[in-house]
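okay, here's the prediction I keep looking at, along with the sequence it came from:
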Amino acid sequence: MTYREVLGVHEFRALLVSDGMSTLGDQVARIAVALLVLERSGSPFAASATYACSYLTWLVGGPLLSALPDRYPRRRIMVLCDVARMALVAALAVPGLSLWVVFSVLIVVGLLSPPAEAARSALLADVLDGEPYVVANALSNAVGQAGQVGGFVAGGALVALLGVEVALLLDAATFALSALLLLAFVRERILEVTSAPGGALQEAAAGLQLVMRSRRLRVLLSWGLLSAASVIAAEGLAVAIAHERGGGPLAAGILTASVPAGFLVGSWALLRLPTHRREPLFPYLIVLGCVPLLATPFVDSLPLLVALWALAGCGNCLQIVANSAYVQAVPPHLRGRAFGVAGTLLMVLQGVVLLSAGALAEVTEPRVPIAVVAVLCLLLVPVLPAKTQGRSILSRTVSG
């Protein structure tokens with residue numbers, strides 16, 4: 001199965017472009033808001049908190065809202081979330097907003113992400129299945145990471161040239177275009193609900209039980225969480241580090257984009273391997289993602305930091321394998337709530353790491369927390385469950 005074959009499915013093309021535009025706009029807004037907050041407050045913690053808002057909102061939105069795509073048409077949920085986010089992001093462009101208003105809007109925007117992302121993940125699995133889904137999911141991840149790379153760099157350049165307000169209005173426009181694409185090219189599907197829907201808390205509990213009962217889901221989720229935690233501090237503190245080293249908005253954007261850029265390279269290489277050889281590489285990919293970050297406190301050169309962080313991003317590519325395997329291991333009518341569990345844990349963990357790293361940066365300097373997080377993640381590798389289906393990941397690597 002090739003990229004060209006899955007791109008031949010017009011619904012997938014629409015989902016891919018829609019997701020790519022939203023991701024591109026989101027990263028433009030993130031770098032713009034982080035620069036705005038850093039400029040006004042002078043605090044690396046406050047700048048890092050702008051990233052944390054979009055993650056910690058999953059603590060509420062993930063369990064309570066991610067089951068919606070299992071109960072209502074998935075395309076409709078995505079369109080409604082895009083329209084709402086378009087209006088909210090456009091409101092951020094109003095000059096002179098207080099930081100409290102900025103953070104409040106970011107929280108509401110963040111609450112709309114869980115149902116939208118759960119619907120997108122479930123709908124992609126409805127459009128394609130089996131190996132075509134694996135290839136499509138990998139391509140979606142690659143486009144998402146490319147959107148992050150382009151968004152961070154473009155965001156830094158746009159803020160430098162046109163200002164924060166224009167960057168935010170462009171982000172709002174990407175949500176509008178995403179909604180139009182979904183309406184025009186993606187077919188609405190009637191859900192096959194196998195049981196009467198319960199309340200939000202009941203749905204959240206059912207999703208958690210679903211994951212906890214499956215060893216395979218737990219193992220895949222554990223490795224995905226560790227990989228995400230290992231690199232998120234670098235992305236969250238990149239703006240403060242670039243500022244500390246005398247770089248401008250463009251330098252901040254390039255440094256922030258280095259981890260997603262490495263992800264693209266690593267994903268391309270990982271997908272060249274046969275399917276059965278990918279999961280055994282999980283421990284080694286974690287090591288690849290953490291070791292380059294250990295040098296961060298000792299490196300003063302921004303270009304060298306970009307190279308090190310890009311290498312760390314290569315290790316983060318295990319996400320594409322863990323994500324696709326996780327979704328395919330769940331029955332179609334339960335994918336929304338299963339995604340909600342994974343998304344909530346992933347986003348909350350990243351938010352906690354961002355806030356902790358930002359707080360530590362206040363009493364040390366922004367490069368130190370990145371190495372601290374990398375050390376903690378490396379220490380967790382030996383204690384993670386190393387089996388997905390019977391044999392140990394490490395033993396399969398040795399024997400294979």
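Perfect, thanks for sending it.

CA only for contacts and neighbour counts going forward, please
Fine.

least trustworthy helix or strand in this structure by mean pLDDT?
The least trusted helix or strand in the chain, going by mean pLDDT, DSSP states H and E, turns out to be helix 393-399, with a mean of 33.

now for the helix or strand containing Ala14, which elements pack on it?
Per DSSP states H and E: Ala14 is located in helix 10-41. On a contact count with 3 or more Cα pairs under 8 Å, 6 or more residues apart in numbering; DSSP states H and E, helix 10-41 meets helix 44-56, helix 99-127, helix 130-161, helix 164-185, helix 215-244.

repeat that with 6 Å
helix 44-56, helix 130-161, helix 164-185 (3 or more Cα pairs under 6 Å, 6 or more residues apart in numbering; DSSP states H and E).

distance check, the spatially closest residue to Val299 that is not a sequence neighbour against Leu161.
With sequence-adjacent residues excluded and distances taken as Cα to Cα, 6 or more residues apart in numbering, Val299 is closest to Leu305, at 6.7 Å. In this view, Leu305 and Leu161 are 25 Å apart by Cα to Cα, to the nearest Å.

ok, these two, which is more surrounded?
Leu305 (22 against 13; other Cα atoms under 10 Å).

what lies in contact with stretch 333-343?
62-63, 66-67, 69-70, 118, 122, 207 (Cα atoms under 6 Å, 6 or more residues apart in numbering).

same check on stretch 70-77?
119, 188, 333, 336.

compute the first-to-last residue distance for that stretch.
In stretch 70-77, first residue to last residue: 11 Å (Cα to Cα).

average model confidence for that stretch?
Averaged across stretch 70-77, pLDDT comes to 88.

any idea how far that stretch is from the chain center?
Distance of stretch 70-77 from its chain centroid, counting by Cα atoms, centre = their mean, to the nearest Å, is 21 Å.

can you get me a residue count around Ile77?
By the criterion of other Cα under 10 Å, Ile77 has 19 neighbours.

nearest to Ala228, of the helices and strands packed on helix 10-41?
Ala228 lies closest, by Cα to Cα, to one member of the helices and strands packed on helix 10-41: helix 44-56, at 11.9 Å.

relative to helix 99-127, how tilted is the closest one?
Following axes from the mean of the first three to the mean of the last three Cα atoms, to 10 degrees, one obtains 40 degrees for the angle between helix 44-56 and helix 99-127.

need the next SSE after helix 44-56, C-terminal direction.
As assigned by DSSP H and E, the chain's next helix or strand after helix 44-56 is helix 58-65.

what mean pLDDT does that following helix get?
77.

CA atoms only: put that helix into PDB for me.
C-alpha atoms of helix 58-65 as PDB (Å, rounded to 0.1, in the frame of the first residue of the first chain):
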ATOM      1  CA  TRP A  58      -8.100  17.700  27.900                       C
ATOM      2  CA  LEU A  59      -8.400  16.900  31.600                       C
ATOM      3  CA  VAL A  60     -12.100  18.000  31.400                       C
ATOM      4  CA  GLY A  61     -12.800  17.900  27.600                       C
ATOM      5  CA  GLY A  62     -11.200  14.600  27.000                       C
ATOM      6  CA  PRO A  63     -13.300  12.400  29.300                       C
ATOM      7  CA  LEU A  64     -16.500  14.300  28.900                       C
ATOM      8  CA  LEU A  65     -16.500  15.300  25.200                       C
END
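
by contact count, what packs against it?
Other elements packing on helix 58-65 under the criterion 3+ Cα pairs under 6 Å, 6+ apart are helix 99-127, helix 335-363.

run the chain-centre distance for the first one.
Same thing as helix 99-127. Worked out by Cα atoms, centre = their mean, helix 99-127 lies 11 Å from the chain centre.

what does the last one give?
The chain centroid and the centroid of helix 335-363 are separated by 10 Å, computed with Cα atoms, centre = their mean.

that one vs helix 215-244, what angle?
Orientation check (the same axes, to 10 degrees): helix 335-363 against helix 215-244 gives 30 degrees.

now Ile77: how far from Leu65?
For Ile77, the distance to Leu65 - Cα to Cα - is 11 Å.

now do Trp100
25 Å.

between these two, which one's more packed in?
More neighbours surround Leu65 than the other of Trp100 and Leu65, with 24 against 9 (other Cα under 10 Å).

and the gap between the closest residue to that one other than its chain neighbours and Pro69?
The spatial neighbour of Leu65 that comes closest, neighbours along the chain excluded (Cα to Cα, 6+ apart), is Pro115 at 5.4 Å. Distance, Pro115 to Pro69, using Cα to Cα: 7 Å.

please apply the same query to Ser227.
From Ser227 to Pro69 the distance is 27 Å (Cα to Cα).

assign Val330 to helix, strand or coil.
coil (DSSP: H, G, I helix; E, B strand; the rest coil).

stretch 118-136: end-to-end distance?
First residue to last in stretch 118-136 (Cα to Cα) measures 16 Å.

what residues does it touch?
66, 69, 74, 324, 335-336, 339.
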